[in-house]
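1. sequence first, predicted model second:
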Amino acid sequence: MSNKENPRVGFVSLGCPKALVDSERILTQLKLEGYDLVNRYDDADVVVVNTCGFIDAAKQESLDAIGEAINENGKVIVTGCMGADAEAIREVHPQVLSVSGPEQYEQVVEAVHEWVPPKTEHDPFVDLVPPQGVKLTPRHYAYLKISEGCNHSCSFCIIPSMRGKLVSRPVGEVLKEAEGLARAGVKELLVVSQDTGAYGLDTRYKLDMWDGRPVKTRLREMAEAMGKLGIWVRLHYLYPYPHIDDLIPLMAEGLILPYLDIPFQHASPRVLKLMKRPASSDNILQRIADWRAQCPSITIRSTFIVGFPGETEEDFQELLDFLEEAQLDRVGCFQYSPVEGAPANDLGLEEVPDEIKQQRWERLMELQQQISEARQLDKIGQTIEVIIDEVGDDGACGRSKADSPDIDGNVYLEGATQLQPGDIVKAVVIDADAYDLWGELTESDD
Ligand code: SF4
């Protein structure tokens, strides 16, 4: 609850789920120190803008958000991905009070202290803060970041140069945070990082302690321990390493959600090589078949880039053939756009014209829509578990185990107004389209 005498912070969070986790950490700390979070620029003593710098459009959005905060409030602290390039920000907005990069929580908190000092008499025992901190996501799910940075050098990506090499958090710390979130009512954890599959590689899978026993800082061990907390655990951004196969038994056993978010980016070996990505598509197709044989309920989500420099019609056809064969459940597709600083810009390859990119994107999406729809229609008549996100006058809206928030589909339960966000219920699927499902509660949940 807001107290007029407490110092007040406004917060604008832009960008991806990973940036959201950074925001949550900063907010948790400030709240612990007695700051109030306010929604209006007018009410804030200072405004923090957590920026995104992944693509040029996101950079512009960040600069606009900073400009708006300066106009409306005047005292603005900038952090996040775009903060890595302080000069670019100061050039446009010289009045910002402080600029820090991603994960630099201490600098942000220090800057807030400098411009709006905390109330000295703040008593953390009186000013109650929920143990999981202040969440920007709904209370029943939370993003948990396990590492920062990436050791790969995909030629279209600037993340390694912006966020540096892989740095994994110790597994004991990660599991403690997961346990705290579960205790605070979180029902679904979304594990994120730039390269979740590489977790622990930088520490040589160092042993750490959790719950009185040693656990290796490694993805399988972490996922297994997290799965024992009794909540949904969803892993995001798995690079197609061979050891990803070790996660499938955990999915088959029901310890973690049977959901594999594995960006393949392309299927033509020639384009993958130019992208500096691994894998031959034959090998991937065989692995997909093996994953499905071991865990028939698995949902495979992937993303692809069309129009990468030098991509020919033949390469693109190879990608369509792959999709036809792979029958992936969910697919995201981006048209390649040259990000400033990405190594692909220096490959000297012929650009694919915009109209061809657009056509290829449409062809891919049309094919995938048919595939996704057929896979969704197969679910009619099945009984599925649904986590409820929202309840309105007409019914409830939630997600199945196959749906991650914001990026996948929803499950609509008409008339189920008695439910609460965070409930996990069983429903029979009665209708479907390429993205969403419609269901009816089974009798036990009525
Ligand atoms: S693995 Fe992901 S984060 Fe790392 S360089 Fe490739 S695209 Fe970028």
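-> Okay, I see it.
2. domain ranges for the chain?
-> Following the TED database, the chain resolves into domains at 8-115, 141-378, 382-441.
3. so which of the ones you listed gets nearest the ligand?
-> The ligand lies closest to domain 141-378 among these, at 3.1 Å (CB to the nearest ligand atom). All C-beta atoms are positioned from the backbone trio N, CA, C, and that covers glycine.
4. picking that back up, could you dump the domains of the chain into CSV with mean pLDDT and mean neighbour count added?
-> Formatted as CSV, those follow (pLDDT from 0 to 100; neighbours: other CB atoms under 10 Å):
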stretch, mean pLDDT, mean neighbour count
domain 8-115, 87, 19
domain 141-378, 92, 18
domain 382-441, 96, 18
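5. mind putting the ones you listed in TSV, distance to the ligand included?
-> What follows is these, written out as TSV (distance: least, CB to the nearest ligand atom, whole Å):
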stretch	distance to the ligand
domain 8-115	10
domain 141-378	3
domain 382-441	16
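6. what's the helix or strand for F334?
-> Per DSSP states H and E, F334 falls inside strand 330-335.
7. distance from that strand to the middle of the chain?
-> Taking CA atoms, centre = their mean, to the nearest Å, the mean C-alpha location of strand 330-335 is offset from the chain mean by 15 Å.
8. next one: stretch 381-397
-> Chain-centre distance of stretch 381-397: 22 Å, with CA atoms, centre = their mean.
9. kindly report the same for stretch 379-393.
-> 22 Å.
10. cool, stretch 207-215 as well?
-> A distance of 27 Å separates the centroid of the chain from that of stretch 207-215, by CA atoms, centre = their mean.
11. so where do the strands sit in the stretch 251-400 of the chain?
-> For the stretch 251-400 of the chain, applying DSSP state E, counting those that start in this stretch gives strands covering 259-261, 299-306, 330-335, 383-391, 395-399.
12. so what strands line up beside the strand holding F334?
-> Strand pairing for strand 330-335, using DSSP bridges, gives strand 299-306 (parallel).
13. relative to the whole chain's centre, how far out is the strand it pairs with?
-> Its chain's average C-alpha position is 14 Å from that of strand 299-306, according to CA atoms, centre = their mean.
14. run through who's touching that strand.
-> Outside strand 299-306, the residues that touch it by CB atoms under 8 Å, 6 or more residues apart in numbering are 156, 258-267, 275, 288, 291, 316, 319, 326, 328-336, 357, 360-361, 364, 401-402, 404, 407-408.
15. helices of the stretch 101-250 of the chain, start to end?
-> Along the stretch 101-250 of the chain, counting by DSSP state H, counting those that start in this stretch, helices occupy 105-115, 159-163, 171-183, 219-227, 248-253.
16. what is the third one packed up against?
-> Spelled out, that is helix 171-183. For helix 171-183, the packing partners by 3 or more CB pairs under 8 Å, 6 or more residues apart in numbering; DSSP states H and E come out as strand 141-145, strand 188-192, strand 207-210, strand 213-216, helix 219-227.
17. adjacent strands (with direction) for the second one?
-> The reference is to strand 188-192. With DSSP bridges as the test, strand 188-192 is paired with strand 141-145 (parallel), strand 232-235 (parallel).
18. any chance of CSV for those strands, columns distance to I66?
-> As requested, these are arranged in CSV below (distance: least, CB to CB, whole Å):
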stretch, distance to I66
strand 141-145, 24
strand 232-235, 32
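19. using PDB, write down the CA coordinates of stretch 368-383.
-> Output of stretch 368-383 as PDB, limited to C-alpha atoms (Å, rounded to 0.1, in the frame of the first residue of the first chain):
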ATOM      1  CA  GLN A 368       2.600 -23.700 -40.700                       C
ATOM      2  CA  GLN A 369      -0.900 -22.500 -40.000                       C
ATOM      3  CA  GLN A 370      -2.300 -25.600 -41.700                       C
ATOM      4  CA  ILE A 371       0.100 -27.900 -39.700                       C
ATOM      5  CA  SER A 372      -0.600 -26.200 -36.400                       C
ATOM      6  CA  GLU A 373      -4.400 -26.300 -37.000                       C
ATOM      7  CA  ALA A 374      -4.300 -30.000 -37.800                       C
ATOM      8  CA  ARG A 375      -2.400 -30.700 -34.600                       C
ATOM      9  CA  GLN A 376      -4.700 -28.500 -32.600                       C
ATOM     10  CA  LEU A 377      -7.800 -30.200 -34.100                       C
ATOM     11  CA  ASP A 378      -6.400 -33.600 -33.000                       C
ATOM     12  CA  LYS A 379      -6.800 -32.400 -29.400                       C
ATOM     13  CA  ILE A 380     -10.600 -32.200 -29.600                       C
ATOM     14  CA  GLY A 381     -12.000 -34.800 -27.200                       C
ATOM     15  CA  GLN A 382      -8.900 -34.900 -25.100                       C
ATOM     16  CA  THR A 383      -8.900 -34.000 -21.400                       C
END
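20. how far does that stretch sit from the chain's center?
-> The answer for stretch 368-383 is 24 Å, by CA atoms, centre = their mean.
21. kindly report the same for stretch 301-317.
-> Put simply, stretch 301-317 sits 23 Å off its chain's centre (CA atoms, centre = their mean).
22. over to stretch 419-432?
-> Computed by CA atoms, centre = their mean, the chain-centroid distance of stretch 419-432 equals 23 Å.
23. ok, and what's touching that stretch?
-> The set of residues external to stretch 419-432 that reach it, using CB under 8 Å, 6+ apart, is 138-140, 185, 187, 232, 373, 376-377, 379-391, 396, 398, 411, 413, 416, 437-442, 444-445.
24. related to what we said a few turns ago, export the strands of the stretch 251-400 of the chain to a markdown table and tack on distance to T79?
-> Below are these laid out as a markdown table (distance: least, CB to CB, whole Å):
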| stretch | distance to T79 |
| --- | --- |
| strand 259-261 | 26 |
| strand 299-306 | 27 |
| strand 330-335 | 26 |
| strand 383-391 | 28 |
| strand 395-399 | 30 |
